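Student: Next one to model:
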Amino acid sequence: MNFNFSNKRFLPLLGVMLAIAFQASAEDEDLRKVGTKGSLDNVIQELVEAPWPLGFDFFRTVGVSGFKQQGGSNADPIVFRSGPMETSDGYTFDYTEFRIHPRLVQGISFYYAKLEQGRCYPVASLKPKYALERFVYPPSPHNAAAERVSKESAYELRSNGTVLHFTTDGSSQECLVSFYRSAR
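Tutor: Residues are numbered from 1 along each chain as shown. Below is the predicted model:
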């Protein structure tokens, strides 16, 4: 088959195909921000109540999807990360991440969620519901001496054989920055 690129029929068709491809790629960018089924309170409550190890039913319950693998399949652990998503009450996650063992023998061993800056979710709203304990992250010896002391503060909650860590920005309002769940 011989294609003649100067053909008057082919060039308009090529233009239409490129326009459709451009529109589809532009729509994909919009679709990357996924909406969850519940509020930030509901996501945290589901994370507290979920049995260990965390299963895929947790993600289905809260409406998190669109994970992409980070790195290779032979990494230990295998890391999957989602794109941005928004809760029903308007809080946005930059991403969520989970990790599993390469042989899939332990289920999801680690879950992490990072909130987008700009809207404050005060940790004080979690304190009446959960027995949060103050937690201090040890300084990293790999950082410069001036960077070893962080303004961030943290709280932990022990539940269902796991530990949940809530990191705040260290401001007077103690806005939630991120949280993660791992084995004790």
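Student: Report the separation between Trp52 and Ser159.
Tutor: 9 Å (CB to CB, to the nearest Å). (C-beta placed from N, C-alpha, C; glycine too.)
Student: Can you list the residue ranges for helices in this structure?
Tutor: Ranges of helices in the chain, per DSSP state H, are 10-31, 40-49, 56-62.
Student: Please write out the alpha-carbon positions of the second one in PDB.
Tutor: These are the backbone C-alpha positions of helix 40-49, laid out as PDB (Å, rounded to 0.1, in the frame of the first residue of the first chain):
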ATOM      1  CA  LEU A  40     -11.000  12.900  55.100                       C
ATOM      2  CA  ASP A  41     -12.500  11.800  58.500                       C
ATOM      3  CA  ASN A  42     -14.000   8.700  56.800                       C
ATOM      4  CA  VAL A  43     -10.700   7.800  55.100                       C
ATOM      5  CA  ILE A  44      -8.800   8.000  58.400                       C
ATOM      6  CA  GLN A  45     -11.600   6.000  60.200                       C
ATOM      7  CA  GLU A  46     -11.400   3.300  57.600                       C
ATOM      8  CA  LEU A  47      -7.600   3.200  57.900                       C
ATOM      9  CA  VAL A  48      -7.900   2.800  61.700                       C
ATOM     10  CA  GLU A  49     -10.500   0.000  61.500                       C
END
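Student: Could you give me the buried positions within that helix?
Tutor: 40-44, 46-48 (16 or more other CB atoms under 10 Å).
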